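1. okay, predicted coordinates and the sequence, questions at the end:
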Amino acid sequence: MSISAATSQAEKGTADPVRAVSVVSTGTVEIHPEHAYGSTKPLYWWLLTSRAWLPPRPINVYVIEHAKGLVLFDTGQDRASVTDDSYFPSGVTGVIYDRLARFHIGEDETLDSQLDTLGYSAADVDTAILSHLHQDHIGGIHQLNGADLLVSVTEWQQLSRLAPEARGFLRAHIMIPGLTWRQISFEPTNDFTLTPFSESLDVMGDGSLVMLPTPGHTAGSVSLLIRRRSRSSLLLVGDLTYGSQLLEQRQVPGVGDRSQLAKTTEKVLELKQRMPGLIILPAHDPTAAVRLQHSAQ
């Protein structure tokens with residue numbers, strides 16, 4: 001098994017509703033150092049002037065086999081973004097996208113192809129949770145006509161604000177006819193194990209999959225806590241960080257609200273301290289697959 005794909009299964013003989021968690025990759029992405037590690041320079045300044053690129057990082061999609069259905073956390077990048085010249089906006093906005101990232105997506109790295117490696121297809125997906133609505137997280141939604149797509153109300157509202165495309169929200173690839181979107185609001189929680197989070201959403205009603213508000217990268221970004229009975233708990237954090245070690249060092253990335261990113265980082269680190277063994281899995285962490293696989297040992 002390659003380091004870009006891994007599965008952590010429930011221990012045999014347990015009644016864990018989370019039967020397996022896998023990570024697959026819909027290609028790779030190159031980003032600037034300032035993107036991953038942060039910068040004191042204004043965003044558009046480093047975006048337009050930086051000439052350095054980091055080695056390719058995975059575009060991770062997490063696949064959760066739950067007793068109540070197949071769940072995705074994020075859906076990766078659409079291969080059309082590297083084959084269709086009209087995928088991105090033109091003009092100045094198009095230049096921004098061109099400078100933001102370099103994508104590499106092979107024919108076998110579409111969402112459906114990657115699900116096939118696990119014995120599934122896009123038609124088998126019951127629920128897809130979107131950490132946020134940037135292009136490399138919504139790329140597979142057009143294949144998910146039969147699934148419920150969960151996104152925070154706050155994130156969805158970004159689509160109706162001024163110039164969403166210039167802020168990273170490609171409406172033409174999000175508001176696709178035939179999709180079933182569910183805009184979710186968080187509810188107050190009295191679950192002390194989630195401290196310092198005071199709001200959450202129990203996706204399945206059994207405490208195994210819990211959405212948490214983790215704003216910063218975008219205003220409506222969310223994370224997913226996976227609580228397993230015989231394995232370590234997992235926290236899928238989207239683009240809150242580009243590496244679990246960077247999060248531990250409190251090094252916030254260069255895209256988003258730095259103040260909010262720092263506040264959310266502290267909350268996640270406090271949750272980790274209160275929840276021994278918690279494994280944090282970002283969307284573009286090159287070590288995520290290995291650490292997920294080791295969580296089953």
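-> Structure's in. What do you need? Keep in mind that this is a model prediction, so the values were computed, not measured. Residues are numbered from 1 along each chain as shown.

2. for this structure, give me the ranges with low pLDDT.
-> Flagging of the chain using pLDDT under 70 yields the residue ranges 1-5, 13, 296-297.

3. how about 80 then?
-> Counting by pLDDT under 80, the chain shows low-confidence ranges at 1-5, 11-14, 296-297.

4. longest single helix anywhere in it?
-> For the chain, the helix with the greatest residue count under DSSP state H is helix 258-274.

5. just the residues contacting that one, thanks.
-> 38, 193-197, 214-217, 223, 235, 237, 240-241, 247-248, 250, 252-253, 278, 280 (C-beta atoms under 8 Å, 6 or more residues apart in numbering). (Each C-beta comes from the backbone N, C-alpha and C, glycine too.)

6. who touches stretch 86-104?
-> Under C-beta under 8 Å, 6+ apart, the answer for stretch 86-104 is 27-31, 35, 44, 47-48, 53, 56, 59, 77-78, 80-82, 135-136, 163, 165-166, 170, 173.

7. which residues touch the residue nearest to E11 when sequence neighbours are not counted?
-> Nearest non-adjacent residue to E11, counting by C-beta to C-beta, 6 or more residues apart in numbering: S230, 3.9 Å away. When contacts are counted by C-beta under 8 Å, 6+ apart, S230 is found next to A10, E11, T14, D16.

8. who wins on neighbours among those?
-> Counting neighbours by other C-beta atoms under 10 Å, A10 comes out on top of those with 20 neighbours.

9. leaving out chain neighbours, which residue sits closest to it?
-> Closest to A10 by C-beta to C-beta, 6+ apart is D16, at 4.1 Å.

10. ok, the nearest residue to V125 once chain neighbours are set aside - contacts?
-> Nearest residue to V125 in three dimensions, chain neighbours excluded: A147, at 4.5 Å (C-beta to C-beta, 6+ apart). By C-beta under 8 Å, 6+ apart, the contact list for A147 reads L72, V125, D126, T127, A128, T180.

11. list just the nearest of the residues you listed to V21.
-> L72 (11.1 Å; C-beta to C-beta).

12. shouldn't that closest one be in contact with S131?
-> No - L72 is not in contact with S131 according to C-beta atoms under 8 Å; the separation is 10.7 Å.

13. can you classify the residue lying closest to G69 once chain neighbours are set aside by secondary structure?
-> If the residues on either side of it in the chain are set aside, G69 comes closest to D126, at 3.2 Å by C-beta to C-beta, 6+ apart. When classified by DSSP: H, G, I helix; E, B strand; the rest coil, D126 comes out as strand.

14. so how far is R227 from D126?
-> Counting by C-beta to C-beta, to the nearest Å, the gap from D126 to R227 is 19 Å.

15. which of those two has more neighbours?
-> R227 (21 against 14).

16. which ones are touching that one?
-> V18, G207, S208, L209, V210, S233.

17. what about the fourth one, how many residues nearby?
-> Counted with other C-beta under 10 Å, the neighbours of L209 add up to 24.
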